[in-house]
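> Predicted coordinates and the sequence they were generated for:
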Amino acid sequence: MKKVVKFGGSSLASARQFKKVGEIIRSDKSRRYVVPSAPGKRSDKDEKVTDLLYQCYDAASTGASYKKILDKIKKRYEEIIDGLDLNLNLDHEFSRIEENFVARAGRDYAASRGEYLNGLVMAQYLGYEFIDAAEVVFFDDNGVLDGKATDRELSERLEHVERAVIPGFYGAKQDGTVKTFSRGGSDVTGSLVAKAIHADMYENWTDVSGFLVTDPRLVENPEVIEVITYRELRELAYMGASVLHEDAIFPVRKEGIPINIRNTNRPNDKGTLIVESTCRKPRFTITGIAGKKGFCSINVEKAMMNSEVGFGRKVLQVFENYGISFEHMPSGIDTMTIFVHQSEFEEYEQSVIAGIHRAVEPDYVELESDLALIAVVGRGMKATRGTAGRIFSALAHARVNVKMIDQGSSELNIIIGVKNADFETAIKAIYDIFVTAEL
Ligand code: ASP
């Protein structure tokens, strides 16, 4: 049994957190490959080392004073090293980092040092081999991950290494320049390592006990999702639910490796298991509810629209011309409605309307702004009658007017459009009818 374990920034923010991580790793021999993030926040008001590194680099590379910030970063590591009683001195590393900052080695290089240094500390603490991610994770000249080369190199290097620490978040281009993933990218490194070694499990340790059925800012203490499929997760993540970096899914998904989201502060909690498919019955009819505010709908009406071949394409072409992607497109016999992100649309609003008039000569075009979309997601909905009925009666009881309904043919999700002002009420009502009532 081989497991890859990735620890997020809050799990490694202090010596105290490192000790919890050490215990977790030592309690299971199969936890052989460790991917650390940079030290995160120790409290709400604290700063992440990654953010400090960006600040420090921006100052150093423009000739502004940076020493104070660099000292702050150094202190963070020294506190961890002292707290763990390690015989490790990072002075030399810090001098090199400082030189490279002044020589403008790049913002990516700067940010990556958080993970690099934490990897050195972690390797020393565990007595595992340290493998610099710049030697095993590759990007092409355009800065896009080279999945094949990475997989080849990682599997070759790790084949003969029993236990190793590979820092998350970065790799290198062919010319050796350091390149990072987008923020939160250590999740992706963990996934690449898991794929390369054909891990039995990719454990992603964070500060929550898994995915919650809905946003805890909207519903008090929502239930944890025990098992979720990759497809369900995609639907929920798209609508704003975030715990895991989106790109972390693909490498392991292809290999059928499950991801287990775990809580470093509550190691006995089972967390959430993300799997390709499962015959395990979901605990509730629905798996999760997520949503986003800030959409706008453009309703295009024209008599006999349905018999005009190419009508839809011409309308969508106008959006494409302005680089606006559409989210949903419910239609009626003489109408079609396009949902877009308000922030993307606002700037081009009048040009798009004019473009639609020119393209299809509609009877009229009507806009409605400040709309929210809510996704109710669940593999259990397919086999259950009356799910949609329950959603809409719950919304009616909560006095929420439904603006739009869209059920994908996979029956995995139902998307509901409501006014921004009704967003919280709607999510609570749906949660109550499916979760509170089924508990
Ligand atoms: N340290 C990086 C960040 O703060 C990457 C990570 O933690 O995954 O985004």
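Sure thing, it's come through. Numbering: from 1, shown residues only.
> quick one: Lys428 and the ligand, what's the gap?
Per C-beta to the nearest ligand atom, to the nearest Å, Lys428 is found 31 Å from the ligand. To be clear about C-beta, it is placed using only N, CA and C from the backbone, and glycine gets the same treatment.
> Next: Leu439.
Relative to the ligand, and taking C-beta to the nearest ligand atom, Leu439 is found at 34 Å.
> residues near that residue, how many?
Neighbourhood size, Leu439 [other C-beta atoms under 10 Å]: 7.
> ditto for Gly176
Using other C-beta under 10 Å, Gly176 has 8 other residues around it.
> what sits against it?
Ala134 (C-beta atoms under 8 Å, 6 or more residues apart in numbering).
> starting at the chain centroid, how far to the lengthiest helix in the chain?
Longest helix in the chain, counting residues (DSSP state H): helix 107-126. Relative to the centre of its chain, helix 107-126 is centred 21 Å away, using C-alpha atoms, centre = their mean, to the nearest Å.
> Ile414 should be in a strand, yeah?
Yes - assessed with DSSP: H, G, I helix; E, B strand; the rest coil, Ile414 lies in a strand.
> about what we covered before: which positions in the longest helix of the chain come out as buried?
Using 16 or more other C-beta atoms under 10 Å as the test for burial, helix 107-126 gives 108-126.
> Over to stretch 193-204?
Val193, Ala194, Lys195, Ala196, Ile197, Ala199, Met201, Tyr202, Glu203, Asn204.
> just the helices in the stretch 201-350 of the chain please.
Assigned by DSSP state H, counting those that start in this stretch, the helices in the stretch 201-350 of the chain fall at 230-238, 249-255, 311-321, 342-345, 349-360.
> Just send these back as a markdown table, with distance to Val188 and mean neighbour count too.
Below are the helices of the stretch 201-350 of the chain laid out as a markdown table (distance: least, C-beta to C-beta, whole Å; neighbours: other C-beta atoms under 10 Å):
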| stretch | distance to Val188 | mean neighbour count |
| --- | --- | --- |
| helix 230-238 | 14 | 20 |
| helix 249-255 | 8 | 18 |
| helix 311-321 | 29 | 17 |
| helix 342-345 | 26 | 17 |
| helix 349-360 | 35 | 16 |
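> any chance of those in CSV, plus distance to Ala60 and mean pLDDT?
Shown next, in CSV, are the helices of the stretch 201-350 of the chain (distance: least, C-beta to C-beta, whole Å; pLDDT from 0 to 100):
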stretch, distance to Ala60, mean pLDDT
helix 230-238, 36, 87
helix 249-255, 34, 91
helix 311-321, 42, 96
helix 342-345, 34, 96
helix 349-360, 42, 97
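> between those helices, which gets nearest to the ligand?
Judged by C-beta to the nearest ligand atom, the one of those that comes nearest to the ligand is helix 249-255, at 14.7 Å.
> What about the buried residues of stretch 193-204, which are in strands?
Among the buried residues of stretch 193-204, the members falling in strands (DSSP state E) are Met201, Tyr202, Glu203, Asn204.
> Could I get the full set of strands for the stretch 301-439 of the chain?
Counting by DSSP state E, counting those that start in this stretch, the stretch 301-439 of the chain has strands at residues 326-328, 335-341, 364-377, 404-407, 413-419.
> Could you say which of these is packed most deeply?
strand 413-419 (a mean of 22; mean count of other C-beta atoms under 10 Å).
> Partner strands of that one and their direction?
strand 364-377 (antiparallel), strand 404-407 (antiparallel) (DSSP bridges).
> residues in contact with that strand?
235, 295, 297, 328, 339, 370-378, 381, 387-388, 391, 395, 400-408, 426.
> now swap in stretch 72-90 and tell me
14-16, 18-19, 39, 49, 52-53, 56, 94, 117-118, 120-121, 124-125.
> again, but for stretch 101-110
For stretch 101-110, with C-beta under 8 Å, 6+ apart as the criterion, the contacting residues are 53-54, 56-58, 60-61, 66, 70, 100, 170, 177-180.
> Quick one: name the residues of the stretch 101-250 of the chain near the ligand.
By C-beta under 6 Å from any ligand atom, the residues of the stretch 101-250 of the chain that approach the ligand are Gly114, Gly168, Phe169, Arg183, Gly184, Gly185, Ser186.
> how many neighbours does the last one have?
By the criterion of other C-beta under 10 Å, Ser186 has 31 neighbours.
> One more: the fifth one?
Other residues within reach of Gly184, judged by other C-beta under 10 Å, total 20.
> wait, isn't it in contact with Asp247?
No - Gly184 lies out of contact with Asp247 (C-beta atoms under 8 Å); the separation is 9.4 Å.
> closest one to Arg283 among the strands of the stretch 301-439 of the chain?
strand 364-377 (13.9 Å; C-beta to C-beta).
> Rebuild the residues of the stretch 101-250 of the chain next to the ligand as JSON lines, extending it with secondary structure and pLDDT.
Shown next, in JSON lines, are those (DSSP: H, G, I helix; E, B strand; the rest coil; pLDDT from 0 to 100):
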{"residue": "Gly114", "secondary structure": "helix", "pLDDT": "98"}
{"residue": "Gly168", "secondary structure": "coil", "pLDDT": "98"}
{"residue": "Phe169", "secondary structure": "coil", "pLDDT": "98"}
{"residue": "Arg183", "secondary structure": "coil", "pLDDT": "96"}
{"residue": "Gly184", "secondary structure": "coil", "pLDDT": "96"}
{"residue": "Gly185", "secondary structure": "coil", "pLDDT": "97"}
{"residue": "Ser186", "secondary structure": "helix", "pLDDT": "98"}
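> hmm, which two among those are most spread apart?
Maximum distance among these (C-beta to C-beta): 12.6 Å, for Gly114 and Gly184.
> Name the member of the contacts of stretch 101-110 with the shortest distance to the ligand.
Thr180 (7.5 Å).
> Any idea which of the contacts of stretch 101-110 the model trusts least?
Of all the contacts of stretch 101-110, Ser61 carries the smallest pLDDT score, 92.
> Next, the distance between the ends of stretch 303-310.
15 Å (C-alpha to C-alpha, to the nearest Å).
> Any regions of the chain where pLDDT drops low?
Regions of the chain meeting the criterion pLDDT under 70 are absent.
> quick revisit: Produce a PyMOL select command limited to the buried residues of the contacts of stretch 101-110.
The PyMOL command for the buried members of the contacts of stretch 101-110 (criterion: 16+ other C-beta under 10 Å) is given here:
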select buried, resi 53+54+56+57+60+61+66+70+100+170+178+179+180
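> Can you flag which of the contacts of stretch 101-110 belong to helices?
Using DSSP H, the contacts of stretch 101-110 in helices are Leu53, Tyr54, Cys56, Tyr57, Asp58, Ala60, Ser61, Leu70, Asn100.
> does the first one really touch Glu115, like I thought?
The one in question is Leu53. No - contact criterion C-beta under 8 Å: Leu53 and Glu115 do not qualify, at 10.0 Å.
> what touches both of the two?
Ala38.
> mind putting the helices of the stretch 201-350 of the chain in a markdown table, distance to Asn142 included?
Listed next are the helices of the stretch 201-350 of the chain as a markdown table, based on distance: least, C-beta to C-beta, whole Å:
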| stretch | distance to Asn142 |
| --- | --- |
| helix 230-238 | 25 |
| helix 249-255 | 18 |
| helix 311-321 | 23 |
| helix 342-345 | 24 |
| helix 349-360 | 31 |
